[in-house]
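J.: how would this look folded up:
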Amino acid sequence: MTIIADTVGDIGTHDAQQVVEKLPIMQHLPPGVSTAEQGQEKAGAQLFGGFFLAMGAALFLVYGVMVLLFQSFFKPFIILSALPTAIVGAVVALWVMDLSISMSSLIGFLMLMGLASKNSILLVEYAIEREREGMSARTALMEACRERARPIVMTSLAMMAGMAPTALTLGRGSEFRQPMAVAVIGGLITSTLISLVLVPVVYEIIDSIEAWLLPRMGRLTTPKEDPSVLSVEPTARPLAAE
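T.: Residues are numbered from 1 along each chain as shown. So this is what the prediction gives:
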């Protein structure tokens, strides 16, 4: 026997499924009877599985590109530290707008991977360039925040302004894309405000860890030579012309 049902009103499929699972009959199914994932429920499970795979691939690619750019295995963690702030802002924005996690909002989460990383890259790259010129880490970070704050805020405001009509459902067919726009705007707000404070702190922590760890790793990988076996041969003096 197959039972087909549809939702009523604005309730989502995920919320409706939770209500069904809490029914007494579903809590005490007879022996040999079980639920089967079909239709939208099965598609939703596949969607979330593919989303987590795409998120993992995005993080791996961002880390790999940052390793090649900064020539360090530690500096990319500074970039990745800003991503959780963007995800938290997106979830809070969806909760405030009373929107559920859907395919559209998941696409917004993936967009935030690049948008939030962009802000951190601007800060870290500028700070590394100043350090290579001889500045201390803290002075380089302070100058990076002062010089890069304006482009970070301008690009974030431009992106939020572009997403505002979709978030407010002003255009035709924007109801499906509304969760994506809300997630992007919420994530940009938190990542922009917090990255100017969080990224410099994480930079100093990672920089101190790198300075402490690299010499010790060098001792493990560099072969040590016994100085007693080293000898310096006297250089031959040229003969004076007669």
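
J.: who does the longest helix seen in the chain touch, helix- and strand-wise?
T.: The residue-count maximum for a helix in the chain (DSSP state H) belongs to helix 178-221. When contacts are defined as 3 or more Cβ pairs under 8 Å, 6 or more residues apart in numbering; DSSP states H and E, helix 178-221 packs onto helix 76-80, helix 83-96, helix 103-132, helix 137-167. For every residue, glycine as well, the C-beta is placed using N, CA and C.

J.: let me know which of those is tucked in deepest.
T.: Of all the helices and strands packed on helix 178-221, helix 76-80 has the most neighbours on average by mean count of other Cβ atoms under 10 Å, namely a mean of 22.

J.: end-to-end on stretch 92-106?
T.: Counting by Cα to Cα, to the nearest Å, you get 14 Å between the two ends of stretch 92-106.

J.: contact partners of it?
T.: With Cβ atoms under 8 Å, 6 or more residues apart in numbering as the test, stretch 92-106 has contacts from 12, 14-15, 47-48, 51, 90, 167, 176-180, 182-183, 185-187, 189-190.

J.: now those: which count as buried?
T.: 51, 90, 167, 177-180, 182-183, 185-187, 189-190 (16 or more other Cβ atoms under 10 Å).

J.: how about the helices and strands packed on helix 178-221, which one is nearest Val202?
T.: helix 76-80 (5.1 Å; Cβ to Cβ).

J.: mind giving me the packing neighbours of the closest one?
T.: helix 39-70, helix 103-132, helix 178-221.

J.: quick one: the first one to chain centroid distance?
T.: Taking Cα atoms, centre = their mean, to the nearest Å, one finds helix 39-70 lying 11 Å from the centre of the chain it belongs to.

J.: now Lys22, what are its backbone angles?
T.: Dihedral angles of Lys22 (phi, psi; degrees, to the nearest 10) stand at phi -90, psi 0.

J.: nope, Glu133 is what I was after
T.: According to degrees, to the nearest 10, Glu133 has phi -80, psi 0.

J.: and if you look at Ile3?
T.: With angles defined as degrees, to the nearest 10, Ile3 sits at phi -110, psi 120.

J.: what's the burial count for it?
T.: Number of residues near Ile3 (other Cβ atoms under 10 Å) recorded here: 5.

J.: would JSON lines of the helices and strands packed on helix 178-221 with mean pLDDT be doable?
T.: Listed next are the helices and strands packed on helix 178-221 as JSON lines, based on pLDDT from 0 to 100:
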{"stretch": "helix 76-80", "mean pLDDT": "83"}
{"stretch": "helix 83-96", "mean pLDDT": "88"}
{"stretch": "helix 103-132", "mean pLDDT": "83"}
{"stretch": "helix 137-167", "mean pLDDT": "86"}
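
J.: looking at the ones you listed, spot the one closest to Thr7.
T.: Taking Cβ to Cβ, helix 103-132 is the member of these nearest to Thr7, at 16.4 Å.

J.: reformat the helices and strands packed on helix 76-80 as TSV; add distance to Ala86.
T.: Below are these laid out as TSV (distance: least, Cβ to Cβ, whole Å):
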stretch	distance to Ala86
helix 39-70	12
helix 103-132	4
helix 178-221	4
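
J.: any idea how far Val199 is from the nearest residue to Thr155 once chain neighbours are set aside?
T.: Excluding the flanking residues, the one nearest Thr155 by Cβ to Cβ, 6 or more residues apart in numbering is Lys118, at 7.2 Å. Separation of Lys118 from Val199 (Cβ to Cβ, to the nearest Å) stands at 12 Å.
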